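# coordinates only, no sequence provided:
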Ligand SMILES: *Cc1c(COP(=O)(O)O)cnc(C)c1O
C-alpha cells in the first residue's frame, strides 16, 4: 500500500533507531537528560530564541503557547481553518479559558488588515484581544506558505496593539526548504513558536516550543500539570536530533513529489478544483458526480490510501516513507482514472 494519509505515519529509519539506542539519558523532570537539553539548546539557538521545551505532541506545544500568552477571558485571533481551532479538541477554551475570533483567510493565511478588523475594541462585555496565531505551512490551506514579507506587517500590528504572536510551525521546515528563508529571521517575529519533529522529519514523537527564558520556565510548569513531564526521554529526543541533522533537506523531495501529483490532478476531470500545491500537501475537490468515499475506495483498490478532508475533498500528504517510485506509481494510476 502507498499510504498518503498523513506525514505523521513515518517510522524511524534504521539509522535513526541506531542513533536513538545510543542516546545518553537522564531524568528530564529534573532537567537532567543531556540529550533533551542539547536538543532544546540546539533548536533555540537556530531560531535565536532564549529557550525551548521538548513536549510529546504539537497539540501540547500549541496549547501551552496559548496558556503562556493569555489569561482567562482573553481573545485569540486566528484563521478559521487553523489547527488550534479545528483539531485540538477545543483546548483553547478548556485549558486557557479564552475566546476565539475566527478569520476567513485565503488558503489558511490571514493578513494584517484582516487581523486589525478582528481586534475587538475591549469593552467590558468583550474578551480582551491578546494573541494572534499563524500556521506555516497551513494544513487545511493545502500546505500554503507565508513569506517573511507577509509576517513583517502582522508583527508590526501586534507590537502596536500589544498582542502576542504565536507560530504553529508544525511543518515550518517544509516551507523553509521551499523559500530558502532562514530560521533566525523567522525567530525574531514570534513570541512563541511550535515545531513538530514527528511529521515529515520522521521522528516517532516530539515537538518543541520556543520562547524567552521566562516563557519557557512557565511553559515547563504547564507541561507538568498536563502530564507531559517525561523521564528518560532522551531516547526520543535523539530521534529529533537525528531528524534535524538528516531529514530537513530531503523535505524538498516531498514538496516536489506533491507538485508532480498535483500537476496530474490539475488535468483530470474528476477534480473540480485543486488548492495550489506549494509544499507536501495536495488537497482537491471532487466533481459533484463523484462521492469522496467511492473515490477513496477506488484508490484503495489500486493500492493507495488517503483520507476525506471535508466538503467532498481529498487530501494526499507526501512524506519520508514515500519514494519517487511510489510517487510515479500514484501519478500513473491517477492518469489512468
Ligand atoms: C499535526 C499538527 C499539529 C500537532 O499535532 P500533534 O498530532 O498533536 O503533534 C499542530 N499544528 C498543525 C498545523 C499540524 O498539522
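Received, thanks. Keep in mind that this is a model prediction, so the values were computed, not measured. Residues are numbered from 1 along each chain as shown.

# three-state assignment of residue 151?
helix (DSSP: H, G, I helix; E, B strand; the rest coil).

# surely it touches residue 189?
Yes - shown here, residue 151 and residue 189 form a contact pair, counting by CB atoms under 8 Å, at 5.1 Å. C-beta here means a position set from N, CA and C on the backbone, and glycine is covered the same way.

# against residue 83, how distant is residue 222?
18 Å (CB to CB, to the nearest Å).

# relative to residue 318, how far out is residue 151?
Distance from residue 151 to residue 318, by CB to CB: 25 Å.

# and residue 42, how many neighbours?
Around residue 42 there are 15 other residues, counting by other CB atoms under 10 Å.

# list the contacts of residue 297.
Residue 297 is in contact with no residue at all, counting by CB atoms under 8 Å, 6 or more residues apart in numbering.

# with adjacent residues omitted, what lies nearest to residue 146?
residue 136 (4.7 Å; CB to CB, 6 or more residues apart in numbering).

# dump the residue contacts of the one you found.
Counted by CB under 8 Å, 6+ apart, residue 136 has contacts 145-146, 167-169, 171-172, 175.

# which pair of the residues you listed spans the longest distance?
145 and 168 (13.5 Å; CB to CB).

# okay, the two: which has more neighbours?
residue 168 (27 against 24).

# check contacts around residue 89.
Contacts of residue 89 (CB under 8 Å, 6+ apart): residue 59.

# just use 758 as the starting number from now, easier for me
Sure, I'll start counting at 758 from here, so that last one is residue 846.

# can you give me the pLDDT of it?
pLDDT for residue 846: 98.

# helix/strand/coil for it?
coil.

# any idea how far residue 987 is from it?
21 Å.

# which parts of the longest helix seen in the chain are buried?
Longest helix of the chain, by residue count under DSSP state H: helix 1008-1023. Buried residues in helix 1008-1023, counting neighbours by 16 or more other CB atoms under 10 Å, are found at 1008, 1010-1019, 1021-1022.

# JSON lines please, covering those and showing pLDDT and distance to the ligand.
Listed next are the buried residues of helix 1008-1023 as JSON lines, based on pLDDT from 0 to 100; distance: CB to the nearest ligand atom, whole Å:
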{"residue": "1008", "pLDDT": "98", "distance to the ligand": "14"}
{"residue": "1010", "pLDDT": "98", "distance to the ligand": "19"}
{"residue": "1011", "pLDDT": "98", "distance to the ligand": "14"}
{"residue": "1012", "pLDDT": "98", "distance to the ligand": "15"}
{"residue": "1013", "pLDDT": "98", "distance to the ligand": "20"}
{"residue": "1014", "pLDDT": "98", "distance to the ligand": "18"}
{"residue": "1015", "pLDDT": "98", "distance to the ligand": "15"}
{"residue": "1016", "pLDDT": "98", "distance to the ligand": "19"}
{"residue": "1017", "pLDDT": "98", "distance to the ligand": "22"}
{"residue": "1018", "pLDDT": "98", "distance to the ligand": "19"}
{"residue": "1019", "pLDDT": "98", "distance to the ligand": "19"}
{"residue": "1021", "pLDDT": "98", "distance to the ligand": "24"}
{"residue": "1022", "pLDDT": "98", "distance to the ligand": "21"}
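
# ok so, going back, more neighbours: which of residue 908 and residue 1075?
residue 1075 (29 against 21).

# surely that one and residue 764 touch.
Yes - taking contacts as CB under 8 Å, residue 1075 lies within contact range of residue 764: 7.2 Å.

# give me the mean pLDDT for the longest strand along the chain.
For the chain, the strand with the greatest residue count under DSSP state E is strand 885-892. What strand 885-892 shows for mean pLDDT is 98.

# let me know the pLDDT of whichever residue of the stretch 908-1057 of the chain sits closest to the ligand.
Minimum separation of the stretch 908-1057 of the chain from the ligand (CB to the nearest ligand atom) falls at residue 927, amounting to 3.4 Å. pLDDT, residue 927: 98.

# equivalent analysis for residue 796, please.
pLDDT, read off for residue 796, is 98.

# now do the contacts for it.
Going by CB under 8 Å, 6+ apart, the list of residues near residue 796 reads 809, 811, 965, 994, 997-998, 1001.

# by neighbour count, which of these wins?
Highest count within these by other CB under 10 Å belongs to residue 997, 31 neighbours.

# is the ligand within reach of the helix or strand that contains it?
Per DSSP states H and E: residue 997 is located in helix 991-1003. No - judged by CB under 6 Å from any ligand atom, helix 991-1003 stays clear of the ligand, getting no closer than 12.5 Å.

# right, and the ligand sits closest to which residue of this protein?
For the chain, CB to the nearest ligand atom, closest residue to the ligand: residue 815, 2.4 Å.

# I'd say that residue and residue 951 touch.
Yes - the criterion here is CB under 8 Å, and residue 815 meets it with residue 951 at 5.8 Å.
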